[in-house]
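Chemist: need a structure here:
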Amino acid sequence: MTPVLAIPEFALSTAEARAVLPSHVPYRDAVANLGALGCLLQGLQQGSPELLRAGLQDRLHQPYRRGLIPGYDLVERAAQSQGFTGII
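Modeler: Numbering: from 1, shown residues only. Next up is the predicted model:
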């Protein structure tokens, strides 16, 4: 596996990115992210695309911040169509 980075040509302020996050998250989302961390660590250790894919599922920031990044959904679909494991 080869990591690929896509760096947008715009800046997003930390304050703006933090402002869209909720002050509290549902318990199930926090637990899901902890489970994903286990998959991510095992996926990195084993080189397993399936575990990495599961480990890159985020419920704590991506759902809220994706709207701040123009073209996020397009990039995500393009990455998936090319067989990339996931995007963060």
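Chemist: What are the contacting residues of stretch 33-44?
Modeler: Stretch 33-44 is contacted by residues 48-60 when judged by C-beta atoms under 8 Å, 6 or more residues apart in numbering. Glycine gets a C-beta too; all of them are placed from N, C-alpha and C.
Chemist: If you rank those by neighbours, which is first?
Modeler: The most crowded member of the contacts of stretch 33-44, judged by other C-beta atoms under 10 Å, is residue 55 (23 neighbours).
Chemist: distance of that residue from residue 64?
Modeler: As defined by C-beta to C-beta, to the nearest Å, residue 55 lies at a distance of 19 Å from residue 64.
Chemist: Repeat that for residue 26.
Modeler: Relative to residue 64, residue 26 is positioned 13 Å away (C-beta to C-beta).
Chemist: Return the backbone torsion pair for residue 14.
Modeler: Main-chain torsions, residue 14, degrees, to the nearest 10: phi -60, psi -40.
Chemist: Please save the CA atoms from the helix or strand containing residue 28 in CSV.
Modeler: Counting by DSSP states H and E, the element that carries residue 28 is helix 27-46. Extracted C-alpha coordinates of helix 27-46, given in CSV (Å, rounded to 0.1, in the frame of the first residue of the first chain):
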residue,chain,number,x,y,z
TYR,A,27,-22.2,7.8,23.1
ARG,A,28,-22.6,5.4,20.1
ASP,A,29,-20.5,7.7,17.9
ALA,A,30,-17.7,7.9,20.5
VAL,A,31,-17.7,4.1,21.0
ALA,A,32,-17.7,3.6,17.2
ASN,A,33,-14.6,5.8,16.8
LEU,A,34,-12.8,3.9,19.6
GLY,A,35,-13.6,0.6,17.7
ALA,A,36,-12.4,2.2,14.5
LEU,A,37,-9.1,3.1,16.2
GLY,A,38,-8.6,-0.6,17.0
CYS,A,39,-9.2,-1.5,13.3
LEU,A,40,-6.9,1.3,12.1
LEU,A,41,-4.0,0.1,14.3
GLN,A,42,-4.5,-3.5,13.3
GLY,A,43,-4.8,-2.5,9.7
LEU,A,44,-1.6,-0.6,9.8
GLN,A,45,0.2,-3.5,11.6
GLN,A,46,-1.1,-6.2,9.3
